[in-house]
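Chemist: below is the structure, and that's it, no one-letter string:
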């Protein structure tokens, strides 16, 4: 609805009753004055005094009509003005010298006004009254003009009706357009006010002209509180430079829109991170009119992003930097120290007997202890030094120092920080730490190398006893240090899948066909490369890791053996002669659930029992012969084959040997090494072959490296052999989809040729 000075102009697309009354009064006075003026200038009219009197009455009545509060009347009541208007027009006609033009045009004006203030069809309803009102004054005013006037009614009356209806139709179109615009404006207002994102309209000087509730809520205000304030007033001071620069570019037309993240000032005084998008609205000439902006509160999202970024480089338990951040800092520190001709000291700290805390008090107590230790250590470091949790109960510290003595002083301070017991909810815990120190030199400036030196020094300190400090000197590592570190790393090697299997073939010496392969474990160490079993199997035995290690080897070997068997052209039945051999440790054999474990692995992997050979050492049998015999018989009942490995080195009892359900004896490589030249070794090998023949047990010779050894064994009646001469241990991927039929296919370039 339009307004005029606060008063309604249009109601439902039509002129309001108040305005209709004013227009009618105006038309009354203007038309009457025109009539009076015409009468005064035309000769033969009424006397001047009569005309002036009539004019005064007309003006007076017009003023009365003007003052009438028409807005209080209904639109229906306004229609009573129409008959009055018709009567006035007739009287004016008779008094004004019968001016036909004024007479006709006044009727047209009345119906135009009627069309503007009343709905369609109203003009037609006044058609009969119009004809009467139009004709009567013409009949009364007889004469030549009256006759012409009656004739004019033939077109004036239709014109009046047509004008009235045409104007009413136009007003109806205006009403519909107004309603459409009103609905669009209302919809836009609702969209603006109820939008879930903050929206605002700003002037070219950055003053807010309009804001919605979401915008105000983000800043902790009411919408009216923000109108009139500038964007700069609301922006966090440190963030305005970038925002102001983009705002100016937007107004100059250098950019169409801009987006950024910045901080607004909340009503409480704290900063609120928002994502801002702004667009400049321009007129048809391209001149900037105002700016529309949208904001979204991203404080929580940004906080989460910062937390994730922090978590990526910090330890979640202690809050200290983690390994990734530490190594990056160490690299920068080494570059800076080299430039400034200083040294970097790297400290590797390991808590003493921390495993006892986890085992005795639980992992929760261990975690709380680590948190308190981290706080103690952090309090002992200097500003600018970086303390990190490297993993588990290991901490590292990097400092810039001038001398080695300065590094030792720092290490003493770290140790001193843990002298006092660490308190917990219901007890106190005394904690000590072993510290290894490595100082960068001209040769040791690589982060990994310096870390390795500090790690070696830490193991040296731990080997000397708890709460010790050791400085890396560059000497060779002690065997005990290497073993200790290897033992610790072996725990993680099993978890991290660093173990791999290589396979070495068994050969029939008579035709050089391949009859099987032995699975041999290797350790793909991340820094030391591929380690043979001698580097870690004994340590696994000592540390109780041999059982999980052996289980992994058995499962992986069976999985690979089943895959090879399935890939052979003839299927599994054709692969029955290509067996796979796996070593079993004494501790594995002594495990109560070992037999069930073997059965489970066979079922899980699909390995045929008759294709699996288990090799047991003589020592495993001699520990508890009766139990060993029962266990081996149970294994044999599963369908797997059994062999005694390194036969001749364990001084086994021949009385037990005849009770064992074994099918093969493997002659130790020590007796085969000098087979051609040592008479004693030759005699022992002949005796083992004869023993196997008499007991109905097969014999395999290990360690064949020369053709002469193979020829000697064949002459003694030993048909099966194994050694580098026929094939070195090889990863499964290099062997192929299945085991080859002949050992010649196993030999790689550069190895010995089969004799």
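Modeler: Perfect, thanks for sending it. What you see is a predicted model; the values in this text were computed from it and never measured.

Chemist: residues in contact with residue 346?
Modeler: Going by CB atoms under 8 Å, 6 or more residues apart in numbering, residue 346 touches 330, 396-398, 437-440, 450-451, 453-454. Using the backbone N, CA and C atoms, a C-beta is placed for each residue, glycine as well.

Chemist: from residue 406, how far out is it?
Modeler: Distance from residue 346 to residue 406, counting by CB to CB, to the nearest Å: 13 Å.

Chemist: contacting residues for residue 487?
Modeler: Contacts of residue 487 (CB under 8 Å, 6+ apart): 539, 542-543.

Chemist: in PyMOL, how would I select the buried members of those?
Modeler: Here is the PyMOL command that selects only those of those that count as buried (16 or more other CB atoms under 10 Å):
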select buried, resi 539
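
Chemist: once you drop chain neighbours, what's closest to residue 283?
Modeler: Distance criterion CB to CB, 6 or more residues apart in numbering; nearest residue to residue 283, sequence neighbours excluded, is residue 289 at 5.5 Å.

Chemist: helix, strand, or coil at the one you found?
Modeler: strand (DSSP: H, G, I helix; E, B strand; the rest coil).

Chemist: go ahead and confirm it touches residue 281.
Modeler: Yes. Using CB atoms under 8 Å, residue 289 makes contact with residue 281 at a distance of 5.0 Å.

Chemist: if we can go back for a sec, want to try TSV for the contacts of residue 487, with pLDDT and secondary structure as columns?
Modeler: Shown next, in TSV, are the contacts of residue 487 (pLDDT from 0 to 100; DSSP: H, G, I helix; E, B strand; the rest coil):
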residue	pLDDT	secondary structure
539	81	helix
542	78	helix
543	77	coil
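
Chemist: quick revisit: give me the subset of the contacts of residue 346 lying in helices.
Modeler: 330, 450-451, 453-454 (DSSP state H).

Chemist: between these, which sits nearest residue 732?
Modeler: Nearest to residue 732 among the ones in helices among the contacts of residue 346 is residue 451, at 33.6 Å by CB to CB.

Chemist: before we move on, back to that, so who does the residue nearest to residue 283 touch?
Modeler: 204, 280-283.

Chemist: next secondary structure after the longest helix belonging to the chain?
Modeler: Counting residues, the longest helix found in the chain (DSSP H) is helix 144-194. Next helix or strand after helix 144-194 toward the C-terminus (DSSP states H and E): strand 198-202.

Chemist: give me the neighbour count for residue 127.
Modeler: Here the count is done by other CB atoms under 10 Å, and residue 127 has 14 residues near it.

Chemist: right, and it touches residue 157 too?
Modeler: Yes. Counting by CB under 8 Å, residue 127 touches residue 157, with 7.5 Å between them.

Chemist: show the model's pLDDT score for residue 690.
Modeler: What the model reports as pLDDT for residue 690 is 87.

Chemist: just how off-centre is the helix or strand hosting it within its chain?
Modeler: Assigned by DSSP H and E, residue 690 belongs to helix 679-695. Mean-position distance between helix 679-695 and its chain equals 69 Å (CA atoms, centre = their mean, to the nearest Å).

Chemist: other residues contacting the next helix-or-strand element following it?
Modeler: On the C-terminal side of helix 679-695, the nearest following helix or strand under DSSP H and E is strand 698-701. Strand 698-701 has contacts (CB under 8 Å, 6+ apart) with 506, 643, 663-667, 672, 685, 688-689, 692-693, 709, 713, 718, 720-723.

Chemist: among those, which ones are in helices?
Modeler: Short answer: the contacts of strand 698-701 in helices (DSSP H) are 672, 685, 688-689, 692-693, 709, 713.

Chemist: count the residues that sit near the closest residue to residue 114 other than its chain neighbours.
Modeler: Once flanking residues are discounted, residue 114 sits nearest to residue 164: 5.1 Å by CB to CB, 6+ apart. Look at residue 164: counted by other CB under 10 Å, it has 29 neighbours.

Chemist: repeat that for residue 738.
Modeler: 16.

Chemist: helix, strand or coil: sort out it for me.
Modeler: coil.

Chemist: quick one, what contacts it?
Modeler: Taking CB under 8 Å, 6+ apart, one finds 564-565, 567-568, 575, 578 in contact with residue 738.

Chemist: switch those over to CSV; also include pLDDT, distance to residue 556 and secondary structure.
Modeler: Shown next, in CSV, are the contacts of residue 738 (pLDDT from 0 to 100; distance: CB to CB, whole Å; DSSP: H, G, I helix; E, B strand; the rest coil):
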residue, pLDDT, distance to residue 556, secondary structure
564, 90, 13, helix
565, 88, 15, helix
567, 84, 17, helix
568, 79, 20, coil
575, 41, 18, helix
578, 71, 17, coil
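
Chemist: among the residues you listed, which two are most distant?
Modeler: Largest pairwise distance in those, by CB to CB, is 11.1 Å, between 567 and 578.

Chemist: between those two, which one's more packed in?
Modeler: More neighbours surround residue 578 than the other of residue 567 and residue 578, with 22 against 13 (other CB under 10 Å).

Chemist: so that one makes contact with residue 564?
Modeler: Yes. Using CB under 8 Å, residue 578 is in contact with residue 564, at 7.3 Å.

Chemist: shared neighbours, the two?
Modeler: 738-739.

Chemist: count of residues packed around the closest residue to residue 702 other than its chain neighbours?
Modeler: Ranked by CB to CB, 6+ apart and with sequence neighbours excluded, the top spatial neighbour of residue 702 is residue 669, at 4.4 Å. The number of residues packed near residue 669 is 16, by other CB under 10 Å.

Chemist: list the contacts of residue 506.
Modeler: Residue 506 neighbours (CB under 8 Å, 6+ apart): 514-518, 579, 581, 700, 720-722.

Chemist: let me fix that, I meant to ask about residue 260.
Modeler: 242-243, 246, 275-276 are the contacts of residue 260 under CB under 8 Å, 6+ apart.

Chemist: what subset of those is buried?
Modeler: 243, 246, 275-276.

Chemist: so which bits of stretch 122-139 are buried?
Modeler: For stretch 122-139, by 16+ other CB under 10 Å, it's 122-123, 126, 130, 133-135, 137-138.

Chemist: over to stretch 216-226?
Modeler: Quick answer for stretch 216-226 (16+ other CB under 10 Å): 216, 218-219, 221, 223, 226.

Chemist: can you give the contact residues for it?
Modeler: Counting by CB under 8 Å, 6+ apart, 198, 200, 208, 211-213, 215, 234, 264-268, 272, 274, 295, 297 sit against stretch 216-226.

Chemist: so which of those residues belong to helices?
Modeler: 213, 215, 234.
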